[in-house]
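Undergrad: What follows is a protein structure lacking sequence information:
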Ligand code: HEC
């Protein structure tokens, strides 16, 4: 094929793509389906927290307060002291990941403390997600970190101190993005 035919072909393809996307836009604006989400509706589900802590809300809590919440709202599934059963074990196993008997817990495996806050806030307790206040989430996060020996029992966690917590497995992940 001659080079000028090739570029003609590309021009044609480009024109077709533009037509398709123009048609998409026309369809979207012509339907009467749905409505724009209101800002408060978006805010209620826009609760993602980045590993470096962006998005953490005001509030705070420590492991002492967290233990009370854990006993009332978490222990029925995760057992006393996060030992697990019927649901996941939440404490221990630090340093075991490269052994023959790896124990994966939030303490031994998770690379950032901030995502523990995010996970608990959006998903736990399993039977009542999004029911904890932000202070309660900080407190129960502090409790789980304390029973893993990662923070002191009296350390208060908030939007500043939580991102500064260094998780034991922070450098245990291998970047395989360049691997074929
Ligand atoms: C009704 C049972 C139930 C209750 C109550 C409950 N959880 Fe869970 N939790 C689960 C189950 C089941 C999973 C695993 C979910 C999955 O893998 O999708 C889980 C997973 C977790 C994990 C992630 C564990 C991991 O290694 O991936 C954390 C952290 C956690 N729960 C914290 C809590 C906290 C904190 C509370 C109390 C506020 C709580 N859970 C209450 C059932 C429960």
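TA: Yep, it's here. As the structure is a prediction and not an experimental result, all values here were calculated from the model. Numbers count the residues shown, from 1 in each chain.

Undergrad: need the next SSE after the helix-or-strand element of the chain with minimal mean pLDDT, C-terminal direction.
TA: For the chain, using mean pLDDT, DSSP states H and E, the weakest element among its helices and strands is helix 3-30, scoring a mean of 51. Note on helix 3-30: by DSSP states H and E, the next helix or strand toward the C-terminus is helix 39-45.

Undergrad: Show me what that following helix is packed against.
TA: Helices and strands in packing contact with helix 39-45 are not found; criterion 3 or more CB pairs under 8 Å, 6 or more residues apart in numbering; DSSP states H and E. No exception for glycine: its C-beta is placed from N, CA and C like everyone else's.

Undergrad: Please give the centre-to-centre distance between that helix and its chain.
TA: Its chain's C-alpha centre and that of helix 39-45 lie 18 Å apart, by CA atoms, centre = their mean, to the nearest Å.

Undergrad: could you point out which element follows that helix?
TA: Helix 39-45 is succeeded, C-terminally, by strand 60-61 (DSSP H and E).

Undergrad: ok, that next one: who's next to it in the sheet?
TA: strand 157-158 (antiparallel) (DSSP bridges).

Undergrad: What average pLDDT does the strand it pairs with get?
TA: Confidence for strand 157-158, expressed as mean pLDDT, is 98.

Undergrad: Over to stretch 51-62?
TA: 97.

Undergrad: Over to stretch 69-85?
TA: Stretch 69-85 comes out at a mean pLDDT of 97.

Undergrad: now check it, is it near the ligand?
TA: Yes. With CB under 6 Å from any ligand atom as the criterion, the ligand is reached by stretch 69-85 at 73-74, 76-78.

Undergrad: From the opening residue of stretch 126-141 to its closing one, how far?
TA: 15 Å (CA to CA, to the nearest Å).

Undergrad: before we move on, what about stretch 125-140?
TA: Using CA to CA, the two ends of stretch 125-140 sit 11 Å apart.
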